[in-house]
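1. next comes the sequence, and after it the predicted model I'd like to discuss.
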Amino acid sequence: MARTGRKKPGLRVLVWLGVILAALTAVLAGGTIAGQASWAPKLALDLEGGTQMILAPKVEGGSDINEQQLNQAVAIIRQRVDGSGVSEAEISTQSGRNVVVSLPGTPSAETRNLIQASADMNFRPVLLNGDGAAVPPESRAPEDQLPKPTAEPANSSDTNWITPEIYKQFEALDCNSAAAEKSERSDPAKPLVTCEPATDKSPAIKYILGPVEVKGSNIVTSSFQLQQGAQGAVTNEWAVNIQFDAEGTAKFKEVTERLNQFYVAAGGQSGTDPKSQFAIVLDDQVISAPRSLAVITDGRPQITGGFTEKTAKALSDQLKFGALPISFDIQSEQQISATLGGEQLRMGLLAGLIGLLLVVVYSLFQYRALGFVTIASLVVAGALTYLAIAILGWTENYRLSLAGVAGIIVAIGQTADSFIVYFERIRDELREGRGLVSAVENGWKRAKRTVLASKAVNLLAALVLYFVAVGNVRGFAFTLGLTAIADLIVVFMFTHPTLQLLARTRFFGEGHKFSGLDPERLGAVPLYRGAGRIRTPEDRPVAVRSKNSGAAAEAERRMTIAERRLAEKQEQLAGSSKTSAKENK
């Protein structure tokens, strides 16, 4: 029995596309049911409105801020906002003095705190730690039992820094209550009593810290990643990496040499001696207090211990964007309305619908029934893009601006262009006399190279525009790149498989005059007439030949040199066959 092979090529690919669409829909539905996502995409500041904060930057020492420092302040805020995942924010200067930050929607407490965070970041050694709750007055140490310095402190880790006043402040501090606003910064040359706020996994902790030893300005950068084990294998534990400059490297080496001695003296037991810890302090509040388990000589320490991806990213962002020489005070905060509003959004959507309608009319006029493949492909591409934008709004806080809508509108024409390239390749193959099944496969081999090159250019342009531009232009670039990826998925997983299936139908396979693949209209030479039935142009009526002479000339003009030589050889063979037939007669 002969093997039949695949009866319906392309069907499996269409099934996989359906699985992808169903999976994306299920993810978004799950987020919506959980109350964390929405079926509607998040809108940016220009379409939804949001919160406006006016920040007054301050330079250390109380000196006036100059233009260069103000521009640096804008860059700092933009880094912090972008690093927190908020998109389409507007950041500008006001009156040459203040920084105006406009965020879409209502920013989270983490985002607001990150924007407000001053540049007062430093590293202090831990002298003493304890439970975050305040010690009841009746349980506090009496005067004669308070720690008293016996000598001048030899270094920042010396407990002689703990005076009776410092210890009383430590006992009275309640880290479980809201911290009061501090009008002045702590003295970096003196000890500090402060808190590490409670998290989902750990309660609040209070500390007595020694003087500052390494400044946050010595941090070059920070990052977060999955920790590697002793054999180099990646574990499931998250870690935060810090890189110091030359000055910070030398100071940090000196600090870790001392702290590591406390760790070794305690037998390498975690939690035995708090003096083996160093606290990372931002705005006089501890954000992390890791223990020094080794001497760091290269200025590249790694912080580990119970991080999730979210907490590791938050600490990395604080280290990266907090180590800056300018602090910010919020002068005012208010809700603002949409800068453009719903009318502009409706006009943008109307422009998109008009463009889509024109593409549909052109496709149906030019390609007849084949145009419905274009329409269906655009619908699938639209569904993919919509689901992607909605899911990114939930997971990455992406917001759709009017510029982003413009990117989607522009992409309609670019997406339709991919289908037109493919269809014209198929028509070229039909003009050369191939059957539709063969024309689809050969046309695809030629068209996909063109489509891939075109989309590569689109993606490159979108990437360059995204990383070079700021503000709304980045939204345009993002949607332009996203739709280019969706276009590739649709062309490879929907348009081509669909044509593979349609090529085996009677309506398209026999070249119905409304199929868009009518051989008479295309001027196909020789004409295909279904499976295995071929007739040459001389067999057609004179009126038909005259009508299609222009199409045949166009088909001949499109032929490459190799194709012309092949056609000439075929004509010579056909001529010799006719001569032999006459001689036999």
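-> Ah, there it is.

2. spell out for me which residue occupies the centre of this protein.
-> Central residue of the chain (CA atoms, centre = their mean): Glu396, 7.1 Å from the mean position.

3. how about the secondary structure of Ile303?
-> Following DSSP: H, G, I helix; E, B strand; the rest coil, Ile303 is assigned to strand.

4. one step back: could you measure the residue nearest to the centre of the chain against Leu319, distance?
-> Separation of Glu396 from Leu319 (CB to CB, to the nearest Å): 21 Å. C-beta here means a position set from N, CA and C on the backbone, and glycine is covered the same way.

5. do Phe494 as well
-> Distance of Phe494 to Leu319, computed by CB to CB: 45 Å.

6. neighbour count for the two, which is higher?
-> Ranked by neighbour count (other CB atoms under 10 Å), Phe494 and Leu319 place Leu319 first, with 25 against 22.

7. thought that one was touching Val240?
-> Yes. Shown here, Leu319 and Val240 form a contact pair, counting by CB atoms under 8 Å, at 7.2 Å.

8. so where is the stretch 251-400 of the chain shaky, pLDDT-wise?
-> Applying pLDDT under 70 to the stretch 251-400 of the chain flags the ranges 268-272, 321-327, 339-343.

9. in it, which spans are strands?
-> Secondary structure of the stretch 251-400 of the chain (DSSP state E, counting those that start in this stretch): strands located at 278-282, 285-288, 302-307, 326-336.

10. I'd like those strands as TSV, with mean neighbour count and distance to Lys42 appended.
-> Shown next, in TSV, are the strands of the stretch 251-400 of the chain (neighbours: other CB atoms under 10 Å; distance: least, CB to CB, whole Å):
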stretch	mean neighbour count	distance to Lys42
strand 278-282	25	29
strand 285-288	20	29
strand 302-307	16	27
strand 326-336	14	17
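
11. could you point out which of these sits nearest Leu226?
-> With CB to CB as the measure, strand 302-307 is the member of those nearest Leu226 (10.0 Å).

12. direction included, what does that closest one pair up with?
-> The strands beside strand 302-307 in its sheet (DSSP bridges) come out as strand 234-244 (antiparallel).

13. only C-alpha atoms, please: export the strand it pairs with in CSV.
-> C-alpha atoms of strand 234-244 as CSV (Å, rounded to 0.1, in the frame of the first residue of the first chain):
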residue,chain,number,x,y,z
VAL,A,234,22.6,28.0,38.5
THR,A,235,20.5,27.7,41.6
ASN,A,236,17.0,29.0,42.4
GLU,A,237,18.4,31.6,44.8
TRP,A,238,18.5,35.3,43.8
ALA,A,239,21.5,37.4,44.5
VAL,A,240,22.4,41.1,44.1
ASN,A,241,25.8,42.1,42.7
ILE,A,242,27.6,45.4,43.4
GLN,A,243,30.5,46.9,41.7
PHE,A,244,32.6,49.6,43.4
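
14. show me the helices in the stretch 151-300 of the chain, by range?
-> Under the criterion DSSP state H, counting those that start in this stretch, the stretch 151-300 of the chain contains helices at 164-172, 246-265.

15. what's the answer for the stretch 401-550 of the chain, then?
-> Counting by DSSP H, counting those that start in this stretch, the helices of the stretch 401-550 of the chain are 402-431, 436-468, 472-490, 496-502, 506-509, 519-522, 542-547, 549-558.

16. tell me who's in contact with the closest residue to Ser288 other than its chain neighbours.
-> In space, and not counting its chain neighbours, Ser288 is closest to Ile280: 4.7 Å by CB to CB, 6 or more residues apart in numbering. Counting by CB atoms under 8 Å, 6 or more residues apart in numbering, Ile280 touches Met121, Phe123, Val286, Ile287, Ser288, Ala289, Pro290, Leu319.

17. for Ile280, give the beta-bridge partners.
-> Those that pair with Ile280 in a beta bridge, by DSSP bridges, are Phe123, Ser288.

18. that one and Pro107: what is the separation?
-> Taking CB to CB, one finds Ile280 at 24 Å from Pro107.

19. which residues touch stretch 493-508?
-> The set of residues external to stretch 493-508 that reach it, using CB under 8 Å, 6+ apart, is 8-11, 13-14, 16-17, 20, 369-370, 373, 376-377, 380, 418-419, 422, 426, 436-437, 439-441, 444, 448, 509, 515, 517.

20. can you rerun that using 7 Å?
-> Residues outside stretch 493-508 that contact it (CB atoms under 7 Å, 6 or more residues apart in numbering): 8-11, 13-14, 16-17, 373, 377, 380, 419, 422, 436-437, 440, 444, 509, 515, 517.

21. give the buried residues for that stretch.
-> Met493, Phe494, Thr495, His496, Pro497, Thr498, Leu499, Gln500, Leu502, Ala503, Phe508 (16 or more other CB atoms under 10 Å).

22. redo those residues as TSV? Include distance to Ile408 and pLDDT.
-> Formatted as TSV, these follow (distance: CB to CB, whole Å; pLDDT from 0 to 100):
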residue	distance to Ile408	pLDDT
Met493	20	94
Phe494	18	94
Thr495	19	93
His496	23	94
Pro497	25	94
Thr498	23	94
Leu499	25	92
Gln500	29	92
Leu502	28	91
Ala503	31	89
Phe508	31	88
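
23. give me phi/psi at Gln94?
-> Note on Gln94: backbone dihedrals following degrees, to the nearest 10 are phi -140, psi 120.

24. okay, the residue lying closest to it once chain neighbours are set aside: pLDDT?
-> Spatial nearest neighbour of Gln94, chain neighbours left out: Val100 (4.9 Å); criterion: CB to CB, 6+ apart. Val100 is assigned 86 on the pLDDT scale.

25. what bridges to Val100?
-> Ile54, Ser92.

26. got a ChimeraX select line for the buried ones in the contacts of stretch 493-508?
-> Only the buried entries of the contacts of stretch 493-508 go into this ChimeraX selection, using 16+ other CB under 10 Å:
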select :9,10,13,14,17,373,377,380,419,422,436,437,440,444,509,515,517
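
27. ok, now which ones touch Leu430?
-> Leu436, Ala439, Leu517, Pro519, Leu522, Ala524.

28. coming back round to it: need the winner for burial among the helices of the stretch 151-300 of the chain.
-> Among the helices of the stretch 151-300 of the chain, helix 246-265 has the highest mean neighbour count (mean count of other CB atoms under 10 Å), at a mean of 17.

29. packing partners for that helix?
-> With contacts defined as 3 or more CB pairs under 7 Å, 6 or more residues apart in numbering; DSSP states H and E, the packing partners of helix 246-265 are strand 214-215.

30. sheet partners, orientation included, of the strand it packs on?
-> strand 121-131 (antiparallel).

31. tell me the angle of the strand it pairs with relative to helix 246-265?
-> Calculated by axes from the mean of the first three to the mean of the last three CA atoms, to 10 degrees, strand 121-131 forms an angle of 20 degrees with helix 246-265.
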